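In: My questions are about this predicted structure, shown below with the sequence.
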Amino acid sequence: MSKFKKKTKSGTDIPTASLPDIIFMLLFFFMVTTVLRETDILVTQNIPRATQLQKLLKKSLVSYIYIGKPKDARKYGSEPLIQVNDVFIDVSSITLFVAREKDKLSEVERDQITISLKVDSEAKMGILTDVQQQLKEAKARKVIYTTKKRVDI
């Protein structure tokens, strides 16, 4: 027999006293940084497909205009309507919408605002032409059309 005994117990307990604090900090972080859907889309969206796409770099400067048939046809009818934010507007109100969107931005970013048109593929060209004309009058120089990427088989 030897005079020396081997120690078999090791003290590797993990301190768990600060674990609830860490969990609550993570919870608050994700609650603050998560962005939920900002607008409810009230029109049908069958977005056309394109062959060449370009991704936007600064999405904070983008304002969306939705054009399509309303989902609630009994209440709004079956003709294509223009939706901005959560409301339907008339074609003549687009210049006011662009002005309000520019006012939300800083003075440096006002000329960099981008208007994204999400147009249903079944919408008629007449309403789209009217919207484009109003955007010209509002001096919205950057206009893009949102599409889906075409899948080539």
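Out: That came in fine, so what should we check first? Numbering: from 1, shown residues only.
In: could you pull out the strands for the protein?
Out: 49-50, 62-68, 81-84, 87-89, 114-119, 142-145, 148-149 (DSSP state E).
In: Which other helices and strands does the third one contact?
Out: Under the contact criterion of 3 or more Cβ pairs under 8 Å, 6 or more residues apart in numbering; DSSP states H and E, the helices and strands touching strand 81-84 comprise strand 62-68, strand 87-89, helix 94-104. Bear in mind the C-beta positions are built from the backbone N, C-alpha and C, glycine included.
In: Count the neighbours of Ile94 for me.
Out: 23 (other Cβ atoms under 10 Å).
In: That one and Arg100 touch, don't they?
Out: No - applying Cβ atoms under 8 Å as the test, Ile94 and Arg100 come out as separate, 10.7 Å apart.
In: and Gln112, what is it in contact with?
Out: Lys58, Leu61, Leu105, Lys142 (Cβ atoms under 8 Å, 6 or more residues apart in numbering).
In: any idea how far Asn46 is from the third one?
Out: Note on Leu105: its distance to Asn46, by Cβ to Cβ, to the nearest Å, is 31 Å.
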